[in-house]
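A.B. asks: have a look at this prediction, sequence included:
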Amino acid sequence: MAYVALYRKWRPGSFRDLVGQEHISHTLAHAIETGHVGHAYLFSGPRGTGKTSTAKILAKALNCEQGPTPAPCNVCESCRRVNDGTSMDVFEIDAASNRGIDEIRDLRETVKFAPAAGRWKVYIIDEVHMLTSEAFNALLKTLEEPPAQVVFILATTEVHKVPATIQSRCQRYDFKRITAADIEGRLQYVAGESGIQAEPDALALIAHQADGGMRDALSILDQCAALSDEIITAERVRDILGLVGRDWVVRLLRAIAAQDAAAVLTTIADLLQAGKDLRQLLGSLIRELRAVMVYQAAGPLSGVDSFESSQEFLEEMAGVFSPERFLPMIRCLHDALQELKWTSEPRITVETALLTLCRPEAAAAPLQPPAAAAADAARLTQLETRLAQVAAALAALPKTAPAAVPVSTARPVLRAAMSAEKPAEETLPVAVTEEGKQIWQKLLANLRAQPDKGPVYACISKGRFCGMNERQFLIEFSSRFLKLRTDRDDYRMILEGELMQISGQPLQLVCSLAASDEPPAPPRPPVKKTAKKSPAPQPIQVDMSQLPPQAQQNLEKAVSILDGDFITPPSDS
Amino acid sequence: MKYGAFMASLRQNGLQHVYLLAGEEPYYIEKAEQRLLGLLFPGGNGLQDGLQKLSGDLPLNDLAELIETMPFLTDKNVILLRGSSLFREKKGAAAEDEKDKKSRTGRVQERFLDLLTAMPETSYIIFETDGKADKRKRLYKTVEKAGALLEAEPVRAWTIDEWLRSKLMEMNRQLDSEALRYFMSAVGMMQTISLQFLDQEFNKLAMYTQTRQFTKQDLLQVFSSIPEVSGFAMLDAISAHDAPKALSLLERQLEDGVFPPLLLAGLVRHVRQLWQAKTLQNRGVRGRLLGGPLEMNPYIAEKLGRAAQTFSEAQLHDVFLALADADYQLKTGQAGPEVLEQAVIRLCRRE
Amino acid sequence: MEISWESILGHQVNKERLQQLLVGDRVPHALLFCGPEGTGKRLTAEVLAAALLCAAPGQRPCGHCPSCQAMRSETHPDFYRIAPESRGKSARSIRIEQIRAMETETARVPILSARRVVLLDEADLMNETAANSLLKTLEEPSGQAVFILVSSMRSSLLDTILSRCTPVMFGPLSADEVAAALVQQGVAAEQALVLAALADGSAGRAMQLAGDGGLALRDDAMSVLQLLPLTDMAVIWEQGKRLGALGREPLAQWLRYFRMLLRDLLVLYSGGSGRLYHPDLMTGLASLLPHLPERQVFVAAAITGETEHRLVRSNVNNRLLMEAFLLQLRDLQ
């Protein structure tokens, strides 16, 4: 393949081409002009900021046939050899693959000899922080007494891993991250020269994504050019990089702010379906939360381009989260980010983390003794009540019903059932037992004792206990309104919760209207789907309509409580 | 002898046969060594054959033998011994020296000490050791008597002037007053001052600009890469409880790729100093007097003292503990820049 | 080795894109195929490799030229595959020696085809030195080589590796596609649908489920979950011993199921429209809710995660691990 990657093809050839590092190119150019070339340089800075390129330019500048000159010709034998890596006097050593003392000893052996063709021997040691400590010591000896006409250029992204003894022997140059604007300019130039068509938005996005590194920017441009049809669009860039667009992040944060777990789960599912990268999602969320935290404390910052959110959104979020929530939230996302490195179920990791953010009380509780959660007790009780009810409703399924919930077909049928008029309870044999009366009295007393349950008490105290069995608890009303009101989910939940507490078993509340006949059971939905299904050995697909009305009712309730959106059934194939 | 005195005595008294160059500032040791070798081998003549560089620990007998060797092809026999532990501090070293006198090793040492006091005319020995030398050792005392000692003490912010003056003279440059003030406060922010590093930075500066007088702008270009210095303005903003400014400066440093633990170290140091200043003030130490106990330039200490009064002890306490956690979390990859942001936010609050 | 585009399930867009690159002879020299496990990344990589090595003028891989035949029989001299190896007791990884051996090989002139193709399977298991030593090669390969890295854990790769590769994302397969794959393998249609739901878009996992009674393991996890709240130490000792003897892989899988079930409980708690992994177990799960307050589920999920981490990442004593796991679950009460 004759194709040469853009970042290789457009590697800067002279100090003038070096983008964003003017302070360095200026100083080095002058050093060459005045002949004050040091024996050892340490180039540090983030990846893709021009360290290796600068090292090569320096090597060419020193040995150029027209030189030494700050503007190497790039055409003479010497320059060309440096460019194709065949120079006898310029050595590029990748410390990541040659970390050991033996390699450095070999190097020390060759250092002694005079340059073969040029004026200077230049040793470029890339990723120098990867050397072992023995290798560093060996290198130090050489740096302490550098042979004449030898220049060492050490390059690293992690200067703090380079021993101080080495650092102090070198002239250190810190390469800055290149600003997005500078990168964009260079991208425009390269795209123009290479005949790549790209929307300005797309280039801006690439520049931002490159995070201060020119090499990354050119790589991305290359990748996008290869995978685009005619013109590179921003959409395409996002697509190729699997970028999680800001709208996703906004959507998720709003859901978290609203403690809307359901929306969070749906969003994650959508993201995964779109093939987005979860790590990036977490990274974006962290960045966004940091932006909100900082905004909340200080308002809009000037001259900072790490945060890209709109002020309106920041304002909105700053009003939702209290200051002390940010760190725990970010911490939780960080933990998830760590876990992504090894887990085989990234989805669960992310879901659990985001659910935790949605439920700060429940999720924070485990860190403290249970007593500390007392403040939250009311909410929890309410929740538990609700869940007890779900459980009860499900437990009430007739034993003959298959153990597995027929989710696949449940939904459409349920919908059909719901659209019909709400069927009344099928009344099983009931009895007004002594136990039942006690439960009724206790129920009234309990409600009266709770001021916040006043309205419920007011309603139900007008009713009359008229019997119970092992699953149901019947109350009769003379007022239609009171019956309907009590029958509504919010009151039901409270009542059934209380009943559960008092009786220790799940009881379903059945309200009836005194002196009125029960309407007949609803007609069966006309669906006869199961007919064509082969009798499956496993209880996988069951037609709802085959269930007794009571079971249908219970299931329907369970689903309505859970606001069910179960896995969408695969279309029949 | 301190560096200045050492160099002066070298000028006045000429060469001795025994030297010890010891101390925590390698820059001075290196300079002194260069000067000595320059005097011993003017123009580098004879350096190839006359100089023997050794490092590490050598049996004293072997060393003695080297000293007694007659020079070959040159007129001098110079031994440079680096990184030897001969002068290193050891518990009860002096007492041991006494006790050792009688033993075999003791006799060897006696002979060696005698040799140092009566060196052959053609032989010179230079000991170099990083870190402080143990003054109680007999070897040390002998060298002191028979030759000359350099104590290369680390430079402090308030003793930098001497170095700066000589460096500028050497380069034939000047600092304008604004640049000088900036340099002083920047150096005041550094946890340890490495002269080797400053030396390199000034060499770079000389390459960067050709004007005879350096301005603050020039210094900024070069010094901005020093994390402590770029953090300096941020700490100033924190002292002023200016959250927007402090956070902007923090974000900018992060964007520049400053290693977060370094930023954290700067914050920690600042909070510690604020707290220390507060404690001192409670004991009645005020104004420029804070400089002594805080080991700071009095002018900077006074400023710090004023800032300290605007922080409550509880606030400093909380942030300090939070920073300790943050240090661990940052270094174990459990947290990111948000812990720094949070610390800055909490410090900027007026409580 | 299957080497036709048709054998790849789903991923229509990716297939088209790659073929488009092939036609234009613009395949980047370093590609990263990433996405969940069992979605066809490796297969796609192999087909692409065959296509890159095939010299036929039209549709590539042609399937019958010497290069394609060599690929099919896995004897192609210019196709180099690197996969994690386990050495002694230590965990599987790709080591620097493997990378070096490959570099030596690929620097030579290709034998049968116009170039060489290197497939790095489970590239995330490269240790740091191996990954670092690969950087230079990825940046400037010395021979005519195309590198295809395959990974289901993109997050574990070094940034420097990521930035040097053109990413190709493989999203989860749709339930239909997974089910279709199962049916192709002879699984009954109904069961295929249930398994597809469980497999969360991974054909590989669905096959595994269908193959070796994966559901049994899941049901076992469910049965242990139903033992909560644990009070009887005898049960803990007994279950700990039993689970500890499952073997590393099945146990890891078991823990994953346990975690998925806890996640489903959280979904039920969230009261929202979450998709359940185990819709078939909903009744059972819902009946657990009264015994397991939400915060306990959160903690249990964290404990399970940590336990899995220890199991997968180190050489722990499985029985002890599981006993401690159950004890911690007991202590939740």
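C.D. replies: Received, thanks.

A.B. asks: tell me what whichever helix in chain C runs longest is packed against?
C.D. replies: The residue-count maximum for a helix in chain C (DSSP state H) belongs to helix C:248-270. Secondary-structure packing of helix C:248-270 (3 or more Cβ pairs under 8 Å, 6 or more residues apart in numbering or on different chains; DSSP states H and E): helix A:261-273, helix A:346-358, helix A:377-395, helix C:214-225, helix C:233-244, helix C:282-288, helix C:294-313, helix C:318-331. For every residue, glycine as well, the C-beta is placed using N, CA and C.

A.B. asks: ok, residues contacting the fifth one?
C.D. replies: With contact meaning Cβ atoms under 8 Å, 6 or more residues apart in numbering or on different chains, helix C:233-244 is reached by C:224, C:227, C:230, C:251, C:254, C:317-323, C:325-327, C:330.

A.B. asks: do the same with the last one
C.D. replies: With contact meaning Cβ under 8 Å, 6+ apart, helix C:318-331 is reached by C:228-231, C:236-237, C:239-241, C:243-246, C:248, C:251, C:300, C:303-304, C:307, C:310-311.

A.B. asks: that helix: how far from the chain's middle?
C.D. replies: 27 Å (Cα atoms, centre = their mean, to the nearest Å).

A.B. asks: kindly report the same for the fourth one.
C.D. replies: Using Cα atoms, centre = their mean, we find the averaged C-alpha position of helix C:214-225 to lie 21 Å away from the chain's own average C-alpha position.

A.B. asks: same deal with the first one?
C.D. replies: How far helix A:261-273 lies from its chain's middle: 11 Å, per Cα atoms, centre = their mean.

A.B. asks: and chain B, what are its domain boundaries?
C.D. replies: Taking automatic domain parsing as the reference, chain B has its domains at B:3-152, B:157-223, B:227-348.

A.B. asks: now the second one: how far from the chain's centre is it?
C.D. replies: Think domain B:157-223. 16 Å.

A.B. asks: also stretch C:275-284?
C.D. replies: Distance, centroid of stretch C:275-284 to centroid of chain: 23 Å (Cα atoms, centre = their mean).

A.B. asks: touching chain A at all, it?
C.D. replies: Yes - against chain A, stretch C:275-284 shows contacts by Cβ under 8 Å from any Cβ of the partner chain at C:275, C:276, C:279, C:280, C:281, C:282, C:283, C:284.

A.B. asks: how close does residue B:173 sit to residue A:101?
C.D. replies: Separation of residue B:173 from residue A:101 (Cβ to Cβ, to the nearest Å): 41 Å.

A.B. asks: kindly report the same for residue A:285.
C.D. replies: Distance from residue A:285 to residue A:101, by Cβ to Cβ: 45 Å.

A.B. asks: got the buried residues for stretch B:121-136?
C.D. replies: For stretch B:121-136, the neighbour count (16 or more other Cβ atoms under 10 Å in any protein chain shown) marks B:122, B:123, B:124, B:125, B:126, B:127, B:128, B:129, B:130, B:133, B:134 as buried.

A.B. asks: keep only those of the residues you listed that are in strands.
C.D. replies: Residues of the buried residues of stretch B:121-136 located in strands (DSSP state E): B:123, B:124, B:125, B:126, B:127, B:128, B:129, B:130.

A.B. asks: just the closest of those residues to residue C:1, please.
C.D. replies: Nearest to residue C:1 among these: residue B:130, at 61.9 Å, using Cβ to Cβ.

A.B. asks: and the pLDDT at that closest one?
C.D. replies: For residue B:130, the pLDDT comes out at 81.

A.B. asks: now residue B:276
C.D. replies: The score at residue B:276 is 92. That number is its pLDDT.

A.B. asks: go on, residue A:304?
C.D. replies: 67.

A.B. asks: burial count for residue 20?
C.D. replies: By default, I'm working from chain A. By other Cβ atoms under 10 Å in any protein chain shown, the residues close to residue A:20 number 21.

A.B. asks: my bad, the chain I had in mind was chain C
C.D. replies: For residue C:20, using other Cβ under 10 Å, the count is 15.

A.B. asks: right, is the helix or strand hosting it up against chain A?
C.D. replies: Remark: residue C:20 resides in helix C:12-23, with elements defined by DSSP states H and E. Yes - using Cβ under 8 Å from any Cβ, we find that helix C:12-23 touches chain A at C:17, C:20, C:21.

A.B. asks: which helices and strands does that helix pack with?
C.D. replies: Going by 3+ Cβ pairs under 8 Å, 6+ apart, helix C:12-23 lies up against helix A:214-227, helix C:41-53, strand C:166-169.

A.B. asks: which one of those lies nearest to chain B?
C.D. replies: Among those, helix A:214-227 comes nearest to chain B, with 13.6 Å by Cβ to the nearest Cβ.

A.B. asks: so is that closest one next to chain C?
C.D. replies: Yes - using Cβ under 8 Å from any Cβ, we find that helix A:214-227 touches chain C at A:215, A:216, A:219, A:222, A:223, A:226, A:227.

A.B. asks: and the two most separated of those?
C.D. replies: Greatest spatial distance among the residues of helix A:214-227 next to chain C (Cβ to Cβ): A:215 and A:227, at 18.7 Å.

A.B. asks: these two: which has the busier surroundings?
C.D. replies: More neighbours surround residue A:215 than the other of residue A:215 and residue A:227, with 24 against 21 (other Cβ under 10 Å).

A.B. asks: closest to chain C among the ones in strands among the buried residues of stretch B:121-136?
C.D. replies: Proximity of those to chain C (Cβ to the nearest Cβ) peaks at residue B:130, which lies at 31.7 Å.

A.B. asks: quick one on the thing from earlier: of residue A:285 and residue A:101, who's got more company?
C.D. replies: More neighbours surround residue A:285 than the other of residue A:285 and residue A:101, with 25 against 16 (other Cβ under 10 Å).

A.B. asks: so that one touches residue A:252, yeah?
C.D. replies: Yes - with contact defined as Cβ atoms under 8 Å, residue A:285 reaches residue A:252; the gap is 6.6 Å.

A.B. asks: before we move on, the earlier item: filter the contacts of helix C:318-331 to the buried ones?
C.D. replies: Those of the contacts of helix C:318-331 that meet the buried threshold are C:228, C:230, C:236, C:239-240, C:243-244, C:246, C:251, C:300, C:303-304, C:307, C:310-311, by 16+ other Cβ under 10 Å.

A.B. asks: end to end, how far does stretch A:64-77 reach?
C.D. replies: 8 Å (Cα to Cα, to the nearest Å).

A.B. asks: what does that stretch contact?
C.D. replies: A:13-16, A:28-30, A:32-33, A:35, A:37, A:57, A:60-62, A:78-80, A:83, A:117, A:119.

A.B. asks: how distant is stretch C:326-333 from the center of its chain?
C.D. replies: Mean-position distance between stretch C:326-333 and its chain equals 31 Å (Cα atoms, centre = their mean).

A.B. asks: for that stretch, buried residues please.
C.D. replies: Neighbour-count burial for stretch C:326-333 flags C:326, C:328, C:329, C:330, C:332 (criterion: 16+ other Cβ under 10 Å).

A.B. asks: need the max-distance pair from those.
C.D. replies: Taking Cβ to Cβ, no two of those sit farther apart than C:326 and C:332, at 10.7 Å.
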